[in-house]
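Q: Okay, predicted coordinates and the sequence, questions at the end:
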Amino acid sequence: MDALEFVRVRELDIAVRIWNPTAPRTLVAWHGLARHGGDFAALAKALGSEWRIIAPDTPGRGLSSWSLFPSHDYLYSHYMTIAIALLDHYQLEQVDWLGTSMGGLLGMLIASDEQHHARISRLVLNDVGPELNKEGLIALSSYFGVTHRFTHFADLKAELTQHYASFGITREEEWRELALNSARRLPDGSWTYHFDPRIGEQFIHDTPRDMWAHWANIHCPLMVIRGESSTLLDAETLPKMAKTQPTLKTVTAEGCGHAPMLNNDAQVAPIRRFLDAPLRTFHTTERAATAAPTVMQWLAKQWQRWFH
């Protein structure tokens, strides 16, 4: 991380981690439910100096403020308000967006929103889609809705290593760094995770919804990365996503579950190719894909006029 900034949005301080602040291209990277923007360090390094990576910590996570009103602030509608405020703060009229899990759902909501959809030029979803596995969601809400207390840092690291085994991390130093960036001290000197345990109330006040209508209303280039053994994004969902969005690019991250850490070239290289593809290529393909329905609609009108 090359810079850490705090942007005040209403009553909350939003921590924003930035890599390559002067780079000519910008990617907003938004983390998952109980993580923080620091998770994108490896991605930022792999993409290189051409890309400025802006990775906010959602309220209640990392270095951002904790809310005094979780039922109001730990909601997607409020996350959207924060996201748009940050895009305005950094003067990003249009930007590429990569979202892991919750961050991907947030990107989908913005990209399909009638007022704000033009703010996202390309959208990369990391192990998330318009339909999520219900058992996987229940497991997430059960684990992250309570306080986890550890007497020793080693205990926290062992628990974290077991819980996040699906990230696909293979090196011991990466696990230690992840644990250090995920821990905080409690007043009695014990350890816990960095997030506000009340983020789990999101599942009470903001029940996961059917996102297929939002998915159909997205008109920017789309890419989805699915962990090979994901417990949240079922393999059967990908063909349904592609049926609605024929230009969708799909990648399977081998050896990962929910969610790939985007920390190796096999995962980053497809993202780089997707981001480097000219937007006009997508728009040309999109016009070709929608031409047939337009002709069919014209023929249907003629049929009605001639025979009814």
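A: Alright, I've got the coordinates. Numbers count the residues shown, from 1 in each chain.
Q: Point out where this protein drops to low pLDDT.
A: Scanning the chain with the threshold set as pLDDT under 70 gives 207-208, 281-308.
Q: So which residues of it form strands?
A: Using DSSP state E, the strands of the chain run over 3-9, 12-19, 25-30, 51-56, 95-100, 120-126, 183-185, 191-193, 222-227, 249-253.
Q: got these as JSON lines, with mean neighbour count and distance to residue 161 columns?
A: Yep, even glycine has a C-beta here, placed from its N, CA and C like the rest. Formatted as JSON lines, those follow (neighbours: other Cβ atoms under 10 Å; distance: least, Cβ to Cβ, whole Å):
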{"stretch": "strand 3-9", "mean neighbour count": "14", "distance to residue 161": "26"}
{"stretch": "strand 12-19", "mean neighbour count": "21", "distance to residue 161": "23"}
{"stretch": "strand 25-30", "mean neighbour count": "23", "distance to residue 161": "23"}
{"stretch": "strand 51-56", "mean neighbour count": "25", "distance to residue 161": "23"}
{"stretch": "strand 95-100", "mean neighbour count": "25", "distance to residue 161": "19"}
{"stretch": "strand 120-126", "mean neighbour count": "25", "distance to residue 161": "20"}
{"stretch": "strand 183-185", "mean neighbour count": "12", "distance to residue 161": "13"}
{"stretch": "strand 191-193", "mean neighbour count": "20", "distance to residue 161": "13"}
{"stretch": "strand 222-227", "mean neighbour count": "24", "distance to residue 161": "17"}
{"stretch": "strand 249-253", "mean neighbour count": "18", "distance to residue 161": "19"}
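Q: Make CSV out of these and add distance to residue 273.
A: Output for the strands of the chain, formatted as CSV (distance: least, Cβ to Cβ, whole Å):
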stretch, distance to residue 273
strand 3-9, 27
strand 12-19, 20
strand 25-30, 14
strand 51-56, 14
strand 95-100, 13
strand 120-126, 11
strand 183-185, 36
strand 191-193, 35
strand 222-227, 9
strand 249-253, 9
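Q: Go through the ones you listed and name the closest to residue 69.
A: Ranking the strands of the chain by proximity to residue 69 (Cβ to Cβ) places strand 12-19 first, at 10.2 Å.
Q: so what secondary structure elements neighbour that closest one?
A: Here strand 12-19 touches strand 3-9, helix 41-47, strand 51-56, helix 76-89, going by 3 or more Cβ pairs under 8 Å, 6 or more residues apart in numbering; DSSP states H and E.
Q: These into a markdown table, with extra columns for distance to residue 243?
A: Listed next are those as a markdown table, based on distance: least, Cβ to Cβ, whole Å:
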| stretch | distance to residue 243 |
| --- | --- |
| strand 3-9 | 37 |
| helix 41-47 | 29 |
| strand 51-56 | 32 |
| helix 76-89 | 25 |
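Q: Mind checking those for the one nearest to residue 256?
A: Residue 256 lies closest, by Cβ to Cβ, to one member of these: helix 41-47, at 13.4 Å.
Q: what's the offset of the closest one from the middle of its chain?
A: 16 Å (Cα atoms, centre = their mean, to the nearest Å).
Q: I'd like the C-alpha coordinates of it written as CSV, please.
A: Taking C-alpha atoms only, helix 41-47 is exported to CSV below (Å, rounded to 0.1, in the frame of the first residue of the first chain):
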residue,chain,number,x,y,z
ALA,A,41,-2.2,-6.0,-2.2
ALA,A,42,-1.1,-9.0,-4.3
LEU,A,43,-3.5,-8.0,-7.1
ALA,A,44,-2.1,-4.4,-7.1
LYS,A,45,1.5,-5.8,-7.3
ALA,A,46,0.6,-8.2,-10.1
LEU,A,47,-1.3,-5.6,-12.2
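Q: what ranges do the helices span in this protein?
A: 41-47, 70-73, 76-89, 102-111, 134-144, 153-163, 172-180, 202-205, 212-216, 237-244, 265-276, 279-307 (DSSP state H).
Q: and among those, the most buried is which?
A: Neighbour counts (mean count of other Cβ atoms under 10 Å) averaged over each of the helices of the chain peak at helix 102-111, with a mean of 25.
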